[in-house]
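> dropping a prediction and its sequence here:
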Amino acid sequence: MATRAKGRGGPAKPKAPAKPKAPATPKAPATPKAPATEVPTGPRPAALSLAAAAQVIQAAGLCVAGVFAAIGTADGKSYQVGSGIALTLVVFGAAAGIAVIAVALARARAWSRTPTAMIQLFAIIGGITLLDGHRPAWGVPALALAAACLAGLFTPASLRALNRPPAKRE
């Protein structure tokens, strides 16, 4: 006769037969793995801090340009209101992204080297374009900050701080 489980309305199902357990095999000792984002300990190079500071100043400059774009859009000086708003949002988004990469650079994260170099390439192109457009008040600081950032980024001490440790081969 089947018994009912407490609190349930239907008859209890019979238990399935237990499966035989496989014999325990000894496991190989686990080798500890170093995290892939391991950062060398020690003080950060001053040149790396210079590069991060230059990049933060660039982000602040983009925020100023974004404010000018927003004011121009609000004054009706934009070709179309939608494009003026879009330009303003893109500039503020780029400034936020550059600031995030600058923080990663200041913390000597290995992944921050390539985005920083690419940002400086675009800053050089923008600075030359500003100089060509007779805007030396914006072009000269853009080029100077890009040069300072690249100089700080590619010093030997900064390169050592940003290098990943070599992968261990088994």
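Everything's here; your move. Residues are numbered from 1 along each chain as shown.
> which ones are touching the spatially most central residue of the chain?
For the chain, the residue nearest the mean C-alpha position is residue 101 (4.9 Å; Cα atoms, centre = their mean). Going by Cβ atoms under 8 Å, 6 or more residues apart in numbering, residue 101 touches 55, 112, 115-116, 119. Backbone N, C-alpha and C define where each C-beta goes, glycine included.
> buried ones in stretch 93-108, by neighbour count?
Of the residues in stretch 93-108, 94-95, 98-99, 101-102, 104-106, 108 count as buried by neighbour count, 16 or more other Cβ atoms under 10 Å.
> how about those residues in CSV, adding pLDDT and secondary structure?
Conversion of the buried residues of stretch 93-108 to CSV gives the following (pLDDT from 0 to 100; DSSP: H, G, I helix; E, B strand; the rest coil):
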residue, pLDDT, secondary structure
94, 96, helix
95, 96, helix
98, 96, helix
99, 97, helix
101, 96, helix
102, 96, helix
104, 95, helix
105, 94, helix
106, 94, helix
108, 92, coil
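> show me which pair in these is furthest apart.
Farthest pair in the buried residues of stretch 93-108 (Cβ to Cβ) is 94 and 108. Separation: 23.1 Å.
> just to revisit the earlier point, by neighbour count, which of the contacts of residue 101 wins?
Using other Cβ atoms under 10 Å as the neighbour test, those are led by residue 55, with 30 neighbours.
> picking up where we left off before, what is the nearest of the buried residues of stretch 93-108 to residue 165?
For the buried residues of stretch 93-108, the nearest to residue 165 is residue 108 (12.6 Å; Cβ to Cβ).
> isn't that closest one up against residue 48?
Yes: assessed by Cβ atoms under 8 Å, residue 108 is found in contact with residue 48 at 6.3 Å.
> can you list residues touching both of these two?
Shared contacts of residue 108 and residue 48, counting by Cβ under 8 Å, 6+ apart, come down to 161-162.
> now the helix or strand residue 119 falls within: buried residues?
Assigned by DSSP states H and E, residue 119 falls within helix 113-132. Buried positions in helix 113-132, judged by neighbour count with 16+ other Cβ under 10 Å: 113, 115-116, 119-120, 123-124, 126-127, 130.
> what's next to the helix or strand harbouring residue 143, contact-wise?
Using DSSP H and E, residue 143 maps to helix 136-153. The contact list for helix 136-153 (Cβ under 8 Å, 6+ apart) reads 47-52, 54-55, 57-58, 61, 105, 113, 116-117, 120, 123-124, 126-131, 133, 158.
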